[in-house]
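1. coordinates for the following, if possible.
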Amino acid sequence: MAHEFPRPGGGRSSRIVWLRYDSRARAIVYQVLLAAALGLAFWFVIANTAENLAARGIASGFQFLFREAGFEISETTFLSYNAGSSYLRAIAVGVLNTFRVAVIGIVLATSLGTLIGLARLSRNWLLGTLAAAYVELIRNVPLLVQLFFWYVVVTEHFPAPADALNPLPGVFISNRGIVFPIPRSPFELDYPELTAFNFSGGGAVSPEFAALLLGLVIYTASFIAEIVRAGILAVDRGQFEAAQSLGLRPWQAMRFVILPQALRAIVPPLTSQYLNITKNSSLAVAIGYPDLVSICNTIINQTGQAIEGIAIIMFVYLTISLALSAFMNRYNRLAALKGGNP
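-> Numbers count the residues shown, from 1 in each chain. Reported below is the predicted structural model:
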């Protein structure tokens, strides 16, 4: 005869025995207790922090965001700013600067990493060896060291504006950055002109931005190259042979047959590298590029509201990472459903 567990309603002892043998009831009790413990710990941290801030006369809250910042920012993207602007506007400039580096870095690192990954699969010994050497060298040197290297190269080994390199008409490269023509109207370009010590007019890329972008792109491309190589190797060799039997050239077989199938293996780890570019851009503070972290550090030093400043940094990076992950996950689902051709 099967044993029947005591049911609730038969007294305290019956309820205890019931909890002992009912795994679902125990799970609910454990979750409630864990949630209560976490809530108590969170309340203790918040209360203790508020008490310490009050004891030191440090204001809390985000009201400071609407006060005048009082400091300049060397680079602004798509948003006007001056020292009289609010802290909130300064943070917005930092977010846009971070977003600018991340977007351009993702595009360039993907392009460079794909080329290097294909080069590693080349039958040309020299090309494959050079690609392998690039991957092993770059991946094993810390990113921060590479950023310092590129910053020194850009600021110390490029010529002064008077002797700037001129690779293309209207484009000049010097230790002050890169300047180039930009449209002034639909039929006219604004060309940079050399003044006493620097160029005026046109568009400009600062040395800090150039060094940060170079470091992020070259470093991340070494990881993307291995992801692309592994994804292509995951496709059955017979697919390539079948494509060639149909008369497709090697580059056509790679473009229309191999890469669409390889995307299913490439996209998930590629998403992680895109997130790494975004998060690694925070190292810009080491070379003076005014990204979100650098600007928030200045605000924290001025206001003393470190908790709020760090919370803002965490929230922005979390939001960007979640949005990027959602986009790439959707792309991955489309690639899987349509055989790699979203």
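2. tell me, how many residues neighbour Gly288?
-> Using other CB atoms under 10 Å, the number of residues around Gly288 comes to 15. Yep, even glycine has a C-beta here, placed from its N, CA and C like the rest.
3. do you know how far it is from Asn280?
-> 16 Å (CB to CB, to the nearest Å).
4. how about Asn124?
-> From Asn124 over to Asn280 (counting by CB to CB), the distance is 32 Å.
5. the two - which one has more neighbours?
-> Asn280 (21 against 10).
6. what helix or strand is the more buried one located in?
-> helix 259-280 (DSSP states H and E).
7. helix or strand next in line after that helix, which one?
-> helix 292-303.
8. average pLDDT for the first helix or strand past that following helix going along the chain, rounded please.
-> The first helix or strand that comes after helix 292-303 along the chain, using DSSP H and E, is helix 306-337. Averaged across helix 306-337, the pLDDT comes to 87.
9. buried residues in helix 306-337?
-> 308-309, 312-313, 316-317, 320-321, 324, 328, 332, 335 (16 or more other CB atoms under 10 Å).
10. okay, the residues you listed in TSV with distance to Val135 next?
-> Listed next are the buried residues of helix 306-337 as TSV, based on distance: CB to CB, whole Å:
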residue	distance to Val135
Glu308	41
Gly309	38
Ile312	36
Ile313	32
Val316	31
Tyr317	27
Ile320	27
Ser321	25
Leu324	24
Met328	23
Asn332	24
Ala335	25
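11. tell me the one among those residues nearest to Ala262.
-> Nearest to Ala262 out of the buried residues of helix 306-337 is Ala335 (CB to CB; 10.0 Å).
12. what about the strands in the chain?
-> Residue ranges of the strands in the chain, as given by DSSP state E, are 165-168, 171-174, 177-180, 182-185, 188-190, 193-194, 199-200, 203-205.
13. tell me, how many residues neighbour Val152?
-> 12.
14. show me where pLDDT drops low in the protein?
-> Residue ranges of the chain with pLDDT under 70: 1-22, 50, 53, 56-59, 335-342.
15. the domain parsing of it - what is it?
-> Domains of the chain are assigned by automatic domain parsing as 2-56, 87-335.
16. most neighbours per residue, which of those?
-> The highest mean neighbour count among these, using mean count of other CB atoms under 10 Å, belongs to domain 87-335: a mean of 17.
17. next one: that domain to chain centre, how far?
-> 9 Å (CA atoms, centre = their mean, to the nearest Å).
18. if we can go back for a sec, in a markdown table: the strands of the chain, plus distance to Phe78.
-> Putting the strands of the chain into a markdown table (distance: least, CB to CB, whole Å) gives the following:
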| stretch | distance to Phe78 |
| --- | --- |
| strand 165-168 | 25 |
| strand 171-174 | 22 |
| strand 177-180 | 18 |
| strand 182-185 | 14 |
| strand 188-190 | 17 |
| strand 193-194 | 24 |
| strand 199-200 | 21 |
| strand 203-205 | 13 |
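19. between these, which gets nearest to Val107?
-> strand 203-205 (15.2 Å).
20. what segments of the stretch 51-200 of the chain are helices?
-> For the stretch 51-200 of the chain, applying DSSP state H, counting those that start in this stretch gives helices covering 87-120, 125-139, 143-156.
21. who touches the spatially most central residue of the chain in this structure?
-> For the chain, the residue nearest the mean C-alpha position is Thr278 (1.1 Å; CA atoms, centre = their mean). Neighbour list for Thr278: 98, 102, 317, 320-321, 324 [criterion: CB atoms under 8 Å, 6 or more residues apart in numbering].
22. distance check, Thr110 against Ala37.
-> From Thr110 to Ala37 the distance is 44 Å (CB to CB).
23. skipping adjacent residues, who's closest to Tyr151 in space?
-> Spatial nearest neighbour of Tyr151, chain neighbours left out: Ala211 (4.0 Å); criterion: CB to CB, 6 or more residues apart in numbering.
24. now do Ala204
-> Nearest to Ala204 is Val179, by CB to CB, 6+ apart, at 4.8 Å.
25. let me see the contact set for the one you found.
-> Val179 sits in contact with 171-172, 192, 199, 202-205, where contact means CB under 8 Å, 6+ apart.
26. check Ser325 too.
-> 271, 275.
27. quick one: contacts for Ile313?
-> If you count contacts by CB under 8 Å, 6+ apart, then Ile313 has 282, 292-293, 296 around it.
28. next one: Ala155 from Ser206, what distance?
-> Heads up, residue 155 is Thr, not Ala. Note on Thr155: its distance to Ser206, by CB to CB, is 10 Å.
29. scratch that, Ser80
-> 17 Å.
30. tell me who's in contact with the nearest residue to Ile218 once chain neighbours are set aside.
-> Ranked by CB to CB, 6+ apart and with sequence neighbours excluded, the top spatial neighbour of Ile218 is Ile138, at 6.0 Å. Contacts for Ile138 (CB under 8 Å, 6+ apart) come out as 146, 218-219, 221-222.
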